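S.K.: Got a sequence here, can you model it:
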Amino acid sequence: QVQLGESGGGSVQAGGSLRLSCASSGRTFSGYGLGWFRQAPGKEREFVAAISRAGGIIYYADSVKGRFTISRDNVKNTMYLQMNSLKPEDTAVYYCAAAGRAGDLQNSKVDYWGQGTQVTVSS
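M.R.: As a prediction, this is how the structure comes out:
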């Protein structure tokens, strides 16, 4: 069982930056691929980024490539999403997620979800 909790959301102007964190309880953190999804009002939840258990494999959605960076610290049991050059269309609730492999997350196959954190980007 993995429990996930996001933090770091907030409001920022277009072009600004935010860093999201996802902390996990439990001793099996390093045994899971981790990722981020987001859901904007009236839209389906979509994949943003995923990172493999040791951090060597990373996937990004095309919409965030070059602007967002996913990373993880298996000692601190924490995953991060550094978001730069934010755009109004990045406004959404951001969720962290865990699955057996990063590839599963890229295919939206999720075993565990966090509760979400709001990110609002104003123009």
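
S.K.: C-alpha only now, for contacts and for neighbours.
M.R.: Noted.

S.K.: Please report phi then psi for the residue nearest the centre of the chain.
M.R.: When the chain is reduced to its mean C-alpha position, the closest residue under CA atoms, centre = their mean turns out to be Trp36, at 2.3 Å. According to degrees, to the nearest 10, the main-chain angles of Trp36 amount to phi -120, psi 140.

S.K.: Quick one: residues contacting it.
M.R.: Phe47, Val48, Ala49, Ala50, Leu81, Tyr94, Tyr95, Cys96, Ala97 (CA atoms under 8 Å, 6 or more residues apart in numbering).

S.K.: could you redo the last one with a cut-off of 6 Å?
M.R.: Residues in contact with Trp36 (CA atoms under 6 Å, 6 or more residues apart in numbering) are Val48, Ala49, Tyr95, Cys96, Ala97.

S.K.: ditto for Pro88
M.R.: With contact taken as CA under 6 Å, 6+ apart, Pro88 is in contact with Val121, Ser122.

S.K.: if I look at it, how far off is Phe47?
M.R.: 17 Å (CA to CA, to the nearest Å).

S.K.: residue ranges of the helices in the chain, please?
M.R.: Remark: helices of the chain, listed N- to C-terminal, are 102-106; assignment by DSSP state H.

S.K.: where exactly do the strands run in it?
M.R.: In the chain, strands defined by DSSP state E lie at 3-7, 10-13, 18-25, 33-39, 46-51, 58-60, 68-73, 78-83, 92-99, 112-113, 117-122, listed in chain order.

S.K.: Same list (those) but as TSV, adding distance to Leu105 and mean pLDDT.
M.R.: Shown next, in TSV, are the strands of the chain (distance: least, CA to CA, whole Å; pLDDT from 0 to 100):
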stretch	distance to Leu105	mean pLDDT
strand 3-7	15	95
strand 10-13	24	98
strand 18-25	15	95
strand 33-39	6	98
strand 46-51	6	98
strand 58-60	9	98
strand 68-73	13	98
strand 78-83	14	98
strand 92-99	6	97
strand 112-113	10	95
strand 117-122	19	98
